[in-house]
Structures are given as structure tokens and as C-alpha cells.
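Peer 1: A predicted structure for the sequence below; I have some questions about it.
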Amino acid sequence: RPLTECAIMLMPKKNRRAIHEQLFREGVMVAEKNFVMTKHGEVEVPNLHVIKALTSLKSRGYVKEQFAWRHYYWYLTNEGIDFLRNDLNLPPEIVPATLKRQTRPESDRPRGAARPEGGARPPTQDRQEYRRGGGFGGDSRKPDEGFRGGFGRGGGPPKQA
């Protein structure tokens, strides 16, 4: 297209490269919809440059975009990983953080108490109290007192005191 037909965003190559490096490192990127913010939260470039660079990648199918609550969320696609790997001259062994397996030691997971052979939990004291009609926290009201259903839900006219 001729230059007069489309608007072009001029951006320094170092800014675009910093955005691409961060996107490849993490695999995802978030930006607030604020075009006048001077710096992006993750990369030291203007927020407008981040939004426009990733919009360009979205139009080429290299990232998927979500928008919610004034924030853009971009996720790398497989084609985007290949494109950025070529653009940044990275070897195939390096992958984004979203594709790496997280290793969690088994000892960090909380374990529950052993259950009896039947598999069901033994009823606790407050459950038994509630089932008897005592309510929670020592509330001794009868189930009928104080609650008469919602108005217009078959509860009849309001009771007169």
C-alpha cells in the first residue's frame, strides 16, 4: 500500500526487540489499556509500543488476544514461537516459560488426615449439632422462627404482630 493509505507506528528497534524478548521468555504478556502511560510494567518501553507491537503480532496470527477489565492479555501461538525464535536468533532448545514443565516436590503438598476404610468422613460435632436443630454457634432458634420465606414466593401475606 502507499504510505498515504495506512497509518504507520514508528518504533525503535530496541523497543520492539525488548518486547519480543519478554514475550518469548514468558509466553504471555499483559498490558493495561492506557495509551499515555510512559512505561510498561514488565518492559522498560512505553505502554503504547507494547500494545501496538502485540496488535501487529495478533494480526499475523502469532499471538491470541483477550481483553477484560481494561487489560489486554496476549498468548503466544506455536507459529508465534517459531517466528520469535527466528527473529531473536534463538536455538530450538529454548522455549517460553508457558511450555516448561513445573517440577513440584511431593513433600510440599499438604496431606489430609487418613480416612477410615469406608471412605466417608466422620461427622464433626458442629454438623451433628446443626442436624439436631441447634444451628451454628449455639443458635437455639427453631427453624420456623424469624424466617418466613421471600415475599411473593408462596409464603402468604405478612404475619401481623
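Peer 2: Structure received.
Peer 1: Could you use CA atoms for every contact and neighbour count after this?
Peer 2: Noted.
Peer 1: So residue 96 versus residue 78, what's the distance?
Peer 2: 11 Å (Cα to Cα, to the nearest Å).
Peer 1: Looking only at neighbour counts, state which of these two leads.
Peer 2: Set residue 96 next to residue 78 and count neighbours by other Cα atoms under 10 Å: residue 96 wins out with 16 against 11.
Peer 1: ok, the more buried one - contacts?
Peer 2: 24, 25, 26, 27, 81 (Cα atoms under 8 Å, 6 or more residues apart in numbering).
Peer 1: ok, and the most crowded of these?
Peer 2: Scoring the contacts of residue 96 on neighbours with other Cα under 10 Å, the highest-scoring entry is residue 24 at 25 neighbours.
Peer 1: quick one: which helix or strand includes residue 10?
Peer 2: Taking DSSP states H and E as the definition, one finds residue 10 inside no helix or strand.
Peer 1: Read off the pLDDT value for it.
Peer 2: Per-residue confidence at residue 10 stands at 88 (pLDDT).
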